[in-house]
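Visitor: Dropping a prediction and its sequence here:
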Amino acid sequence: MNRQRLADQLIVDEGLKLKPYRCTAGRLTIGVGRNLDDRGITRGEALFLLGNDIDDCWARLLNTLAWLENAPEPVQEALTNMAFNLGVAGLLEFRQTLAALAARDYAGAARLMLASKWARQVGPRAARLAQAVKSAG
């Protein structure tokens, strides 16, 4: 079987949709006829998507916060985690926290993180990330 030829045919027949939609049978579908209601995705597919999402999030953060590239890894990971949750635009609302991090005031940044609405919403996640940031100092 010529997999590429078959894939090309299926793209023509099924279409290539990059966002979820309801097919004619009412099933939530994405990609080339992937029925999410019945099949979902595999763990491997989820981890592949996660890797892509982490790379994309990191690139957008570096484009916005140049100092982050030289920050300690716990800070890099905490901010990427927050941006993954909030979106980069949402993370940028943490102006005082980001200023403290840029100034390498990790304890102050951790306090500001924990004093936020976000921390009240995500609870243990915020506590863990704030502790990681604090430990960077």
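Guide: Looks like it came in fine. Numbers count the residues shown, from 1 in each chain.

Visitor: what are the C-alpha coordinates of the helix or strand where Ala99 lies, in PDB please?
Guide: Following DSSP states H and E, one finds Ala99 within helix 95-102. The C-alpha atoms that make up helix 95-102 are tabulated as PDB, following Å, rounded to 0.1, in the frame of the first residue of the first chain:
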ATOM      1  CA  ARG A  95       3.600  42.900  35.700                       C
ATOM      2  CA  GLN A  96       4.900  43.200  39.300                       C
ATOM      3  CA  THR A  97       5.800  39.500  39.400                       C
ATOM      4  CA  LEU A  98       7.600  39.700  36.100                       C
ATOM      5  CA  ALA A  99       9.500  42.900  37.200                       C
ATOM      6  CA  ALA A 100      10.600  41.100  40.400                       C
ATOM      7  CA  LEU A 101      11.800  38.100  38.300                       C
ATOM      8  CA  ALA A 102      13.700  40.300  35.900                       C
END
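
Visitor: Next secondary structure element downstream of that helix?
Guide: Using DSSP H and E, the helix or strand that follows helix 95-102 towards the C-terminus is helix 106-114.

Visitor: can you list the residues that contact the helix or strand that that following helix is followed by?
Guide: Counting by DSSP H and E, the next helix or strand C-terminal to helix 106-114 is helix 117-122. By CB atoms under 8 Å, 6 or more residues apart in numbering, the residues outside helix 117-122 that reach it are 82, 85-86, 94, 113, 126-127, 130. To be clear about C-beta, it is placed using only N, CA and C from the backbone, and glycine gets the same treatment.

Visitor: how does it look with 7 Å?
Guide: 85-86, 113, 126 (CB atoms under 7 Å, 6 or more residues apart in numbering).

Visitor: Good, wrapping up.
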